[in-house]
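Novice: Generate a structure from the sequence data that follows.
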Amino acid sequence: SKALSISVNESTWLTNRITVRQWAEDIKNMLIVKDPIDDAIKAVKEGEELLDSADYEVAPDEEKLLITLKGHVESGKRWEVKGRQAVQCANSKKEADKKSLDEVAQIVREGAAIPLKLEGFDFLEETVTNTKAWLARA
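Specialist: Below you'll find the predicted structure:
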């Protein structure tokens, strides 16, 4: 009874720790299922707010997770620029604008290494797969 009681301050601290741990678990799951990059951008903002707040205690492993997620978001943003250019090239009517299969395959490999859903990735991956299948039949 008395030994199991907690003060209001301890209750608030526990609630805040649960909030931070839930954020961290959501990030881990996000990276496993490859959530959209926009969701990751929001999660980085939430993580920075937790880190900057005096009310929340962020453990070193949670801070490391935030740093990792930031890195994936930055890589994803850079990839999306390349991906957009590759999609535009693939849809271009001019032969000179087109990228080689090897160039697009390299862009797809780079995108596959980023654990976020990236705009244009599915289209490029399908294009490479279909082109390789067509070449194998030819």
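Novice: Now for the residue nearest to the spatial centre of the chain: which residues touch it?
Specialist: A centroid search over the chain (CA atoms, centre = their mean) returns residue 116, at 3.4 Å, as the residue closest to the centre. By CB atoms under 8 Å, 6 or more residues apart in numbering, the residues touching residue 116 are 30, 31, 34, 35, 36, 37, 40, 72, 73, 76. In this view, the C-beta of every residue, glycine as well, is placed from N, C-alpha and C.
Novice: of those residues, closest to residue 21?
Specialist: Taking CB to CB as the measure, residue 21 sits nearest to residue 30 out of the contacts of residue 116, at 14.7 Å.
Novice: ok, back up a step: just the contacts of residue 116: which are in helices?
Specialist: 30, 31, 37, 40, 72, 73, 76 (DSSP state H).
Novice: Poorly predicted segments of the chain, please.
Specialist: By pLDDT under 70, the low-scoring segments of the chain are 1-6, 8, 96.
Novice: ok, 50 please
Specialist: Low-confidence segments of the chain (pLDDT under 50): 1.
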